[in-house]
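Trainee: Coordinates only, no sequence provided:
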C-alpha cells in the first residue's frame, strides 16, 4: 500500500509549487507560448489534407495513377431535367428547349467546360421522362465547390422559365458545397454554443463568476495554442477541418475538466480550514497528479489513431493528442499561478443561492468544511446500498450495461450516403434520390482507371469494349458506361453506374462483380494493363476494410499502454485490470446505444435522429479511442482520492465511500459539462455528427454514474485489501505512485463520508 513516505516527489507538486512561487513568470511564459504557437503557425500556414491522401486500397492506387500522370480530373456535374406530367417525354419540343436553355445558361457562367447534350450521350432514362445535361467544372476539383454557386443560380433561373419540368443540379461540386455549408454551419453552431453552455454549468458549479471563468479561459488558450501547433505539424502530417473540430471538442472538454478538478480540490481544502498556500500545495500534489496520469493516458489513447494508417485518423489523433497535452501542462503550471495571484478573489462575483457558502447556510450548515447539498445526500444514499450489497449491485449494474451493449454485436458500418447523412433536410437530397431512381448509380458511378503501355492498341481497345458490354450483361450496371481517354498519358477512365445506386449494400455487390468477375475477364487478359476501380462506393468499401484491419493493433496499443500507466501510477495490479475492464464496459454500452438508436432506429426521434441502418465507418474506432481516454479522467480522479484516504489510515471500505462521495460533486459537474458539450453535436443536422454527439454524451453519462458510482465501489468493496495487490516481482518497475503532499498524507484519519458532507455541485 505504501511506506508512509510523505515527501513531495511528484512532478505535479513540484510544478505547482514553482508556479505558485513565480506567479508572474509562469503566467508570462504561458501567454508567450500561446502567442508564439499561434504566430509561428499562422506564418507557416496550414497544409490541407487532400482527398487523395485519405484514400486506401484500390481507390488509393487509382488516385496515385492519375496523380503520377498529371491528370487532374475535373469535378463532374449533371443537371437533371424531369417531366412533372406523365405524358411529357424528353423527345418533346418543350423538353428539348429546356435542355438547350440549360446548356446555354451553364456555358454562359464561364465556370464550366465539356457541356454535353443528353441526345448526344444517350443519358435519357428508360421511361423517357428524365434526361441529364452533363459538364465539368473548370479548375481544381477539390475546390470546385467554392466556384459552383453561379452555375447553381443559372440552373435555378432556367427552372423558373420551365415550370412544367423539374430542373435540378447535382454532382461532385454541388454536393461538396452542400456538405461544406452544412458542416460549416453545424460546427459554427456547436462552437458558439459550447463555450456559453460550459460557462453556465461552471457558474452553477462554483457559484462565482471568476471561478467559472478561469477553466473556460484556460481551455480557450489551450485550444488557441494547439491551433498554432497544428499549423506547424500540418507540414509533416496534413490536417483537415474534421481534425480541427475534434480538437476543439476534446480541448474544451478536457481543458475545463482538468481545471475543475484542480479548482474544486483547492477550494475544498480552503473550506476545511487550510491557508491558501497550503490548500494550493495539496491541490497540486493530489488533483495535479490525477490530471497528469489522466492526461498521459488520454494522450496514449489518442496516439492509437496513428496506427490506423489512415491520414484522416492520423490528423485527428495528432490534433487531439496535442490539445490534451497542452491543456494538461497548462493545468499543472499556469493554473496554480493564476490561483495564487487571485487568492480569495477567485470567489468574486458570487451568485446568490448558487455559491457553496450560501447553499451551506440555506441548509443550516456552518459554512466551513461541510455541505448539505443534494449531491452529497444522493451519493451517500447510493453508496450505502452499494456497499451493503456489493455483489448484488455488481450483478445488476454489469447486467444492465451488458444488455445495453448487446445490440453492438450486430453493428454495421459504412460511409453514409447523402440521403442518409442529411435525410430530407436539404433539397439536393431529393435530387440525389430522383437521379438514382431514373439512372441507377448515375450520381455515384464506379470509375475504372485503366493504364496501359499503349492505350490505343487493338488489344486494349477490345478489352475496354468487352468491359463495357460485360459490365451491363453481368447485371452490375444498366449503363450507359462512358469512356474518357487521355492519349498522351496512356490512361482511360471508364465510368460505370452501379446497380443499387444509393443502397450501398446492393451497390457493393455490383462493385464486387465488376472487380472480381468483369475486370479479370476483360482487362485481366491483356499484359501490362492496370485497372483499379474507384468511386464513392469503392472508397467506402476500401476505407471500411482498412479500418477493420486497423482495429486489432489500435485496440492492443491503447489497452496495453493504458494498463501499464495505471499499473505504474497506482502500484496495483488489481486496479490496473479493473480500470481496463470497466472502461471497456463503458465503451461497449456506448456502442450498443449507437446501434440501437441509429442502426435500428429505436428511440431515434427522441434525439431528433433517424435510423439510417448503419453507423458511419470512422465512428466506432474514433469513439473507442476518445472514450477510453476520457473515461480515465473520472477513474483516475476517484481512485486517486480512494488511495489517498487509504494512505491516511482509513480501511479500504471507508476509503471507497470517502473517495466516491467527496469526488461526486466535481465529477458530476465535469460530466454535466462534457455531456452538454457533446450533446450539442447531437443536435446538428448531419447524421454523422448526431452519432458522434449521442455516442460521446451517452458514454460519459454512463461512465460518471453507473461505472464510477456503482460498479467501481462494488468491485473495490468485494476485492477489499486485494485492491492494492502488487506482486513482488513487479517491484522493479518504475514507481510513479508517490505524489501526495505531506498535508494530505499525514492528516489524521477522517470518518467516512456521511450525509451532509461537503461535496457541493
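Mentor: On my side now, so go ahead. Fair warning: this is a prediction, and the values are worked out from it, not measured in the lab.

Trainee: ok, and the closest non-adjacent residue to residue 98?
Mentor: residue 162 (4.5 Å; C-beta to C-beta, 6 or more residues apart in numbering). C-beta: built from backbone N, CA, C; applies to glycine.

Trainee: For residue 81, see how far away that neighbour is.
Mentor: According to C-beta to C-beta, to the nearest Å, residue 162 stands 8 Å off from residue 81.

Trainee: Check residue 498 too.
Mentor: 23 Å.

Trainee: likewise residue 159?
Mentor: 10 Å.

Trainee: ok, which stretches of the chain are strands?
Mentor: Here the chain has its strands, by DSSP state E, at 76-83, 112-116, 130-137, 165-171, 413-414, 446-451, 482-486, 491-496, 533-534, 615-616.

Trainee: Relative to residue 549, which of those is closest?
Mentor: strand 413-414 (13.2 Å; C-beta to C-beta).

Trainee: Adjacent strands (with direction) for that closest one?
Mentor: Strands adjacent to strand 413-414 in the sheet, as given by DSSP bridges, are strand 615-616 (parallel).

Trainee: neighbouring contacts of the partner strand?
Mentor: Applying C-beta atoms under 8 Å, 6 or more residues apart in numbering, the contact partners of strand 615-616 are 411-416, 594-595, 598-599, 687-688, 691.

Trainee: Show the buried residues in these.
Mentor: Burial by neighbour count, judged by 16 or more other C-beta atoms under 10 Å, picks out 413, 414, 415, 416, 594, 595, 598, 599, 687, 688, 691 from the contacts of strand 615-616.

Trainee: Just flag the most distant two among the residues you listed.
Mentor: Farthest pair in the buried ones among the contacts of strand 615-616, by C-beta to C-beta: 415 and 595, 16.9 Å.

Trainee: what does stretch 25-35 contact?
Mentor: 18-19, 221, 224-225, 228, 330, 333-334, 336-338, 341.

Trainee: tally of neighbours for the spatially closest residue to residue 90 that is not a sequence neighbour?
Mentor: Closest residue in space to residue 90, ignoring its immediate chain neighbours: residue 131 at 4.5 Å, by C-beta to C-beta, 6+ apart. As a burial measure, residue 131 scores 30 neighbours (other C-beta atoms under 10 Å).

Trainee: is it true that residue 131 touches residue 99?
Mentor: Yes - the pair residue 131 / residue 99 is scored as a contact, 6.5 Å apart, by C-beta atoms under 8 Å.

Trainee: Please enumerate the shared neighbours of those two.
Mentor: 81, 90, 118, 119.

Trainee: List the contacts of the third one.
Mentor: Think residue 118. By C-beta under 8 Å, 6+ apart, the neighbours of residue 118 are 81, 90, 99, 124, 131, 132, 133, 134.

Trainee: ok, back up a step: return the closest of the shared contacts of residue 131 and residue 99 with respect to residue 652.
Mentor: Closest to residue 652, out of all of these and judged by C-beta to C-beta, is residue 81, at 75.9 Å.

Trainee: pLDDT score for the nearest residue to residue 537 once chain neighbours are set aside?
Mentor: Spatial nearest neighbour of residue 537, excluding adjacent residues (C-beta to C-beta, 6+ apart): residue 507 at 4.6 Å. For residue 507, the model assigns a pLDDT of 84.

Trainee: Return the residue of this structure that is most distant from the centre.
Mentor: residue 93 (52.4 Å; C-alpha atoms, centre = their mean).

Trainee: what separates that residue from residue 105, distance-wise?
Mentor: With C-beta to C-beta as the criterion, residue 93 and residue 105 are 19 Å apart.

Trainee: for residue 569, same thing?
Mentor: For residue 569, the distance to residue 105 - C-beta to C-beta - is 67 Å.

Trainee: thinking again about what came up before, pull the most distant pair out of the contacts of strand 615-616.
Mentor: 415 and 595 (16.9 Å).

Trainee: ok so, going back, joint contacts of residue 162 and residue 81?
Mentor: residue 98.

Trainee: who has more neighbours, the two?
Mentor: Between residue 162 and residue 81, counted using other C-beta under 10 Å, the more crowded position is residue 81 (27 against 18).

Trainee: which residues touch the more buried one?
Mentor: 90, 95, 98-99, 102, 118, 130-133, 165-167.

Trainee: are any of those residues buried, and which?
Mentor: 90, 95, 98-99, 102, 118, 130-133, 165-167.

Trainee: Would you mind giving those residues as JSON lines with distance to residue 286 and pLDDT added?
Mentor: Shown next, in JSON lines, are the buried ones among the contacts of residue 81 (distance: C-beta to C-beta, whole Å; pLDDT from 0 to 100):
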{"residue": "90", "distance to residue 286": "76", "pLDDT": "85"}
{"residue": "95", "distance to residue 286": "77", "pLDDT": "90"}
{"residue": "98", "distance to residue 286": "74", "pLDDT": "91"}
{"residue": "99", "distance to residue 286": "75", "pLDDT": "91"}
{"residue": "102", "distance to residue 286": "70", "pLDDT": "91"}
{"residue": "118", "distance to residue 286": "73", "pLDDT": "89"}
{"residue": "130", "distance to residue 286": "69", "pLDDT": "89"}
{"residue": "131", "distance to residue 286": "72", "pLDDT": "90"}
{"residue": "132", "distance to residue 286": "67", "pLDDT": "90"}
{"residue": "133", "distance to residue 286": "69", "pLDDT": "91"}
{"residue": "165", "distance to residue 286": "72", "pLDDT": "89"}
{"residue": "166", "distance to residue 286": "67", "pLDDT": "90"}
{"residue": "167", "distance to residue 286": "68", "pLDDT": "90"}
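
Trainee: nearest to residue 672, of these?
Mentor: Out of these, the member with the shortest distance to residue 672 (by C-beta to C-beta) is residue 166, at 48.1 Å.

Trainee: Tell me who's in contact with the closest one.
Mentor: Residue 166 neighbours (C-beta under 8 Å, 6+ apart): 80, 81, 82, 83, 84, 159, 434.

Trainee: just to revisit the earlier point, mutual contacts of residue 159 and residue 81, please.
Mentor: Joint contacts of residue 159 and residue 81 (C-beta under 8 Å, 6+ apart) are 165, 166, 167.

Trainee: Now do the nearest residue to the last one once chain neighbours are set aside against residue 119, distance only.
Mentor: Of all residues not flanking residue 167 in the chain, residue 159 sits nearest, at 4.2 Å (C-beta to C-beta, 6+ apart). In this structure, residue 159 lies at 20 Å from residue 119, with C-beta to C-beta as the measure.
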